[in-house]
Every structure is written in structure tokens, then in C-alpha cells.
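Chemist: could you look at this predicted model? Sequence included:
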Amino acid sequence: DGVVNFWDKDNKQRLKGFNEIQRPVTAAAFNTQGNMFAYSSSYDWSKGSMNLIPGNEIYIHRVLEEEIIKPKNKKNSGYRR
């Protein structure tokens, strides 16, 4: 559907919504450091050749601090060595 969002799954809250694009998002990934997010858009042939929208695009997004979910401090479980 051409939409990409970052979600906080635990709190069920959208952190970042990207602008809608004209073609389906066909791939998406973070780099190993987690500070860059790339996604691609191209025709996926799900509607056949009659509805072909030519072109391919790659989008790169630098992940901002407010888009990162910080791990919560775990309470002491009561287990002692």
C-alpha cells in the first residue's frame, strides 16, 4: 500500500509515519548499527502488466533519537547468587 511506519509494539503506539509513496514497498531493512533505515519501492506485479507503474526508488532515513525505543530497566527478579 506504499506506507511505512515505526511502531512501539509493546505500547501499541506509532513512533514515525513516512509519507505515502505511489508503489508498494518491496523491501525494508535497518543497518547493523540501527541508525539508518532503507526501503525500496517498485512494481510488484500483483495486479498484472495492465496496471504497471514503471520505476524503482530507494529511500534512506537516518533514524532519530526520538524514534528509538529505549530498553526498560528490569526490576530485580528476587534471584540472588
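Modeler: Done, it's in.
Chemist: what about the closest residue to Gly17 other than its chain neighbours, distance to Ser42?
Modeler: In this structure, Gly17 finds its nearest non-sequential neighbour in Asn5, 5.1 Å apart by Cβ to Cβ, 6 or more residues apart in numbering. Placement of C-beta: from N, CA and C, glycine included. Distance of Asn5 to Ser42, given as Cβ to Cβ, to the nearest Å: 20 Å.
Chemist: of the two, who's got more company?
Modeler: Ser42 (16 against 9; other Cβ atoms under 10 Å).
Chemist: could you check the pLDDT of the more buried one?
Modeler: Looking at Ser42, its pLDDT is 88.
Chemist: what is the burial count for the closest residue to it other than its chain neighbours?
Modeler: Of all residues not flanking Ser42 in the chain, Asn56 sits nearest, at 4.2 Å (Cβ to Cβ, 6+ apart). Each residue near Asn56 was counted by other Cβ under 10 Å, and the total is 10.
Chemist: what residues are up against Asn56?
Modeler: With contact set as Cβ atoms under 8 Å, 6 or more residues apart in numbering, Asn56 has these partners: Ser40, Ser41, Ser42.
Chemist: Ile21 and Ser41 touch, don't they?
Modeler: Yes: using Cβ atoms under 8 Å, Ile21 is in contact with Ser41, at 5.0 Å.
Chemist: pipe the contacts of Asn56 into TSV and attach secondary structure and distance to Asn31 per row.
Modeler: Supplementary listing: the contacts of Asn56 in TSV, determined by DSSP: H, G, I helix; E, B strand; the rest coil; distance: Cβ to Cβ, whole Å:
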residue	secondary structure	distance to Asn31
Ser40	strand	15
Ser41	strand	19
Ser42	strand	21
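Chemist: got the end-to-end distance for stretch 2-19?
Modeler: End-to-end span of stretch 2-19 (Cα to Cα, to the nearest Å): 9 Å.
Chemist: buried residues, it. List them.
Modeler: Buried residues in stretch 2-19, counted by 16 or more other Cβ atoms under 10 Å: Val4, Phe6.
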